[in-house]
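# using only what follows, build the 3D model:
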Amino acid sequence: MAASTVTVTAVRCSAKILLNYATYCPRRTYRLSTILLRKGHTSVMTCSSSASSCSSQPPAADVSPSAAIIGHYDRLVHCGSLSEDSQQRHVLQQLAKLQSILKNYSNYKYLSSLVDFEDVTCQSPKDEDLCITREGNTRGDLAAAALEEELHPPPPKGFYIYGDVGTGKTMLMDLFYSHVENTKKKRVHFNGFMLDIHQRIHRRKQKLPKRRLGNMFTYDPISPVAMEISSETCLLCFDEFQVTDVADAMILKQLFKTLFETGVVVVATSNRPPDDLYKNGLQRDTFLPFMDMLKEHCYTISLNNGTDYRMLVKTPSGKLYFLTEEPGAEAFMDNLFEELALTQKCTVGPKVLSVLGRDVILKKTSGSIADCSFEELCVRPLGSSDYLEIARFFDTVFIRHVPVLTVTVKDQARRFINLIDNFYDKKVRVVLLAAAPLQRLFLHSGGEDQRDRQLLDDLGLSEEAAERLTLFTAEEEIFAFQRTVSRLVEMQTEAYWMEGDHRRRRSNHTSTLDI
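Numbers count the residues shown, from 1 in each chain. Model prediction:
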């Protein structure tokens, strides 16, 4: 009886901490924008509400666009929201130059020089052949092309920022993005971008006329899709640029060739340098030209300051990571879910999500809270589209019975990494019940996966090939899980938990944009 009383009391205390932010820390102000700052890249997450130096007004002496972004960074350092970092400052200075260029930039002249704009923007053409790539769309001969190049110099180069986890790459890109005074801009996680690309390709293929004997044609949807995107935006900011899927690897060269030719400026963050993208992947030789193209159109900057700011001591948001072996852990999570569900004013029950024409069922939900098992989220064959849809509906997800992940279950490890990447990007809050501490949740061993053996046979590959290809070695999972650990550490902080409240985020959206 006494133990039960202690458990209930502890749950209510934890729930109170998670729900009552203002009373929990009354002297702190949390007006840092969800767009401008990624809390995982800061060493100190708050500043005193009485600190006059935290004013959002730009310095009176210099209000140029490039100075504004540097001034913003200086204010955040001064009030303790960021730690001074010389490498971060150098990267931001380079981004500030691009920010000034993009203020009045338009890629229309590059887009219109390749194809009639009417063809580019067709979304539902009456004539299905209208958007089919054809010879004859290009204008003029070589002399005309040379004149065009002289009249229209190459578009500005973007940036590819890479480095270890938690060094501040995303924070700097978001700070840059928020200061770009250009309405044709888009910031997206790279997984979400590629998902959108595949969906656009699918829609275009669905609109094609049925092939008939004697009326055959070849259709390549990649370039039209790229031009469609170019008509919508001239700045693309990618978080977590990574290539692990052979289908993505095969289309990137043509996709980005058209994006760059139509004047789209790319700014991307990644844990890997360009030369290590899709390392040891299937058919990597066909991917190599894309790497050269990326380096040609983007300046490469390394941000390896040796510090993972997510791992620095921060204010915890109650207990959010439980071990299966802990006495009463399951009951604690049950009670915590019930306490949080009371704030939803919704009944507890299943939720059916429709994703790309199929149903994804979560058995236990209440409003914006979902109580799921690892099997529901990572054993079932789900992917980024499913996780993004879950993130759209829920701001808090319980994940129970996470096992120790090994090489034997690489597919489950990949899904878990993908799940956390998408949840982190959308600021979904997680409560986990796992079989091991976070740092020991992924083992670099575990024996041979029988499905790998079957796949080797199907592809006609030797065991020597399996020793090199990341599809079989789990090298990519081992590398990516470092990012997962770092992100899960941040996701247990008070600042992250606050930022993940969808209702609070919507109500504060307007006021936080003008920091």
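# do you know the pLDDT at C47?
C47 is assigned a predicted lDDT (pLDDT) of 35.
# try G447
50.
# same thing with K126?
For K126, pLDDT reads 38.
# what is the neighbour count of L303?
When counting by other C-beta atoms under 10 Å, one arrives at 18 neighbours for L303. Where you see a C-beta, it was placed from the backbone N, CA and C, and this is true even at glycine.
# walk me through the domains of the chain.
105-302, 318-492 (automatic domain parsing).
# for the first one, measure first residue to last.
Put plainly, it is domain 105-302. Domain 105-302 has an end-to-end distance of 26 Å (criterion: C-alpha to C-alpha, to the nearest Å).
# cool, and stretch 418-431?
End-to-end for stretch 418-431, by C-alpha to C-alpha: 17 Å.
# and it, average pLDDT?
The pLDDT scores in stretch 418-431 average 93.
# same question for stretch 496-513.
Rounded mean pLDDT across stretch 496-513 is 58.
# then stretch 322-335?
Mean predicted lDDT for stretch 322-335 stands at 92.
# same deal with stretch 390-402?
95.
# can I get the domains of the chain in CSV including mean neighbour count and distance to D85?
Formatted as CSV, the domains of the chain follow (neighbours: other C-beta atoms under 10 Å; distance: least, C-beta to C-beta, whole Å):
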stretch, mean neighbour count, distance to D85
domain 105-302, 17, 7
domain 318-492, 17, 17
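# Q94: which of those domains is closest?
domain 105-302 (6.5 Å; C-beta to C-beta).
# so A436: helix, strand or coil?
coil (DSSP: H, G, I helix; E, B strand; the rest coil).
# wait, it touches L405, no?
No. Using C-beta atoms under 8 Å, A436 is not in contact with L405, being 9.2 Å away.
# show me where pLDDT drops low in the stretch 201-350 of the chain?
211-218, 313-317 (pLDDT under 70).
# picking up where we left off before, want to throw the domains of the chain into JSON lines with distance to K97?
JSON lines is the format used below for these (distance: least, C-beta to C-beta, whole Å):
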{"stretch": "domain 105-302", "distance to K97": "9"}
{"stretch": "domain 318-492", "distance to K97": "27"}
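# H78: which of these is closest?
Nearest of the domains of the chain to H78, taken as C-beta to C-beta: domain 105-302 at 15.1 Å.
# gap between K210 and D308?
As judged by C-beta to C-beta, to the nearest Å, K210 and D308 stand 54 Å apart.
# could you do K205 as well?
The gap separating K205 from D308 is 43 Å, by C-beta to C-beta.
# cool, G318 as well?
For G318, the distance to D308 - C-beta to C-beta - is 23 Å.
# give the helix, strand or coil label for L353.
strand.
# show me what contacts it?
D359, V360, I361, L362, D386, E389, I390, F393 (C-beta atoms under 8 Å, 6 or more residues apart in numbering).
# is it correct that T406 is in contact with L443?
Yes. If you go by C-beta under 8 Å, T406 and L443 touch, sitting 4.9 Å apart.
# and the nearest residue to L356 once chain neighbours are set aside, what is it in contact with?
The shortest distance from L356 to any non-neighbouring residue, by C-beta to C-beta, 6 or more residues apart in numbering, is to S385 (5.8 Å). Neighbour list for S385: L195, V355, L356 [criterion: C-beta under 8 Å, 6+ apart].
# where does S385 sit, in terms of helix or strand?
S385 belongs to helix 384-393 when assigned by DSSP states H and E.
# could you export whichever helix or strand comes after that helix as PDB, CA atoms only?
Using DSSP H and E, the helix or strand that follows helix 384-393 in sequence is strand 396-402. The C-alpha coordinates for strand 396-402 follow below in PDB (Å, rounded to 0.1, in the frame of the first residue of the first chain):
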ATOM      1  CA  THR A 396       3.600  13.100 -27.000                       C
ATOM      2  CA  VAL A 397       4.300   9.400 -27.700                       C
ATOM      3  CA  PHE A 398       5.100   6.700 -25.200                       C
ATOM      4  CA  ILE A 399       7.300   4.000 -26.600                       C
ATOM      5  CA  ARG A 400       7.300   0.800 -24.600                       C
ATOM      6  CA  HIS A 401       9.400  -2.400 -24.600                       C
ATOM      7  CA  VAL A 402      12.300  -1.100 -26.700                       C
END
